[in-house]
Structure formats: C-alpha cells, structure tokens
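**Student:** just need the structure, nothing else, for what follows:
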Amino acid sequence: MSVKALIVGVNKYKLPGSDLQGCFNDAKSGDKLLFHFSSHGSQIRDRDGDELKDQLDEIICPHDMDWDGTYIVDDDLNAVFSKISAKPSGMLRAPSLALSFSNACAPP
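**Tutor:** From the prediction side, this is the model:
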C-alpha cells in the first residue's frame, strides 16, 4: 500500500474577486504547516548583496519559468517563511513550519 499526495496552492486568479488568502492567513496557534516543492532549481547572480559566500541566489523553477524573472528566489521564500514562523499577535504560539524540497537541484 502506498500513500500519495498532490499539494497545490494558488492564491492569485485573473477573475477579479476570486483571489484566495492562502494557508498562512488560515493558520491558528499551534497549527503545523507544510511547504513542499518538487521540481527543478537553479542559481542566478545575487540581486541584493546578501549572498556573501558565492554571490548567487538559489531559485526554484515553476512550470512557466523563464529567465526574465518568472522564478522564485530564496530571498522571497525566506520573507514568506519568516512571517509564518513569527508569532503573530493574538496567537499563544506560532504555527510550526516544515519545508520539503525534492529534486530542486542547483548546479554545484
């Protein structure tokens, strides 16, 4: 017997008024959240000077990725994950967040 999951999250829609708020907005004190990504990854030249060691940002590549900016940069993920792992006002404790990346490889 196997257990399988398909996890998809879409917040923005072209139809006005159809946008969703995302799981962060629905999280309650003590909830456990999972972010999973399975696809390709790569690296680009650092955009803001925070990558002191190799001067490269890591990116994950969505299905419609192009080199004109249609990719997700590690700095953007960090900004989102930092908000989730911070204790929002009114919560006894912050939701816990697990990250899972599969085959999101960047060149060596």
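**Student:** next structured bit after the lowest-mean-pLDDT helix or strand in the chain?
**Tutor:** Sorted by mean pLDDT, DSSP states H and E, the helices and strands of the chain end with helix 23-26, the least confident at a mean of 60. Once the chain leaves helix 23-26, the next helix or strand it forms, by DSSP states H and E, is strand 32-38.
**Student:** and the next element down the chain from that next one?
**Tutor:** Taking DSSP H and E as the definition, the helix or strand right after strand 32-38 is strand 40-45.
**Student:** list the helices and strands that following strand packs on?
**Tutor:** The helices and strands touching strand 40-45, judged by 3 or more CB pairs under 8 Å, 6 or more residues apart in numbering; DSSP states H and E, are strand 56-61. C-beta here means a position set from N, CA and C on the backbone, and glycine is covered the same way.
**Student:** just checking, what packs against the strand it packs on?
**Tutor:** Using 3+ CB pairs under 8 Å, 6+ apart: strand 56-61 touches strand 40-45, strand 72-73, helix 74-85.
**Student:** cheers, nothing more for now.
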